[in-house]
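K.L.:
Show me the folded form of this:
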Amino acid sequence: MTLRFIGTTSEHGNCPTLYERIETGDVVVQGDELTDPEELAQLRDLGERETCVVIPRDLLTRFAPKE
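P.N.:
Alright, predicted model coming up:
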């Protein structure tokens, strides 16, 4: 799959960042991994291969595709 950079709110090239899979239009999110056990316990149906990342709301409102 080919990723296209969408945008970031990072000042120094670190995460968080949004990408798009060109072939499917899916959005890929890069961010700090959610590791707090209490927060993880609140997630629903997290699959074995899935992980969660924390991103600022501003990143989504500025750069997330509307379609």
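K.L.:
make it CA atoms for all contacts and neighbour counts henceforth
P.N.:
Noted.
K.L.:
What ranges in the protein fall below the confidence cut-off?
P.N.:
65, 67 (pLDDT under 70).
K.L.:
Show me the strands in it, by range?
P.N.:
For the chain, strands defined by DSSP state E occupy the ranges 3-8, 17-21, 27-30, 32-33, 53-54.
K.L.:
nearest to Lys66, of these?
P.N.:
Nearest to Lys66, of all the strands of the chain, is strand 27-30, at 11.2 Å by CA to CA.
K.L.:
Any figure for the gap between the most centrally placed residue in the chain and Leu46?
P.N.:
By CA atoms, centre = their mean, the chain has its centre lying nearest to Val29, at 2.2 Å. Taking CA to CA, to the nearest Å as the measure, Val29 falls 16 Å from Leu46.
K.L.:
check contacts around the residue nearest to the centre of the chain.
P.N.:
Applying CA atoms under 8 Å, 6 or more residues apart in numbering, we find Val29 in contact with Pro16, Thr17, Leu18, Tyr19, Val53.
K.L.:
residues near Ile55, how many?
P.N.:
Ile55 is flanked by 19 other residues according to other CA atoms under 10 Å.
K.L.:
Does it touch Asp32 like I think?
P.N.:
Yes - Ile55 is within contact range of Asp32, at 7.3 Å (criterion: CA atoms under 8 Å).
K.L.:
All set, thanks.
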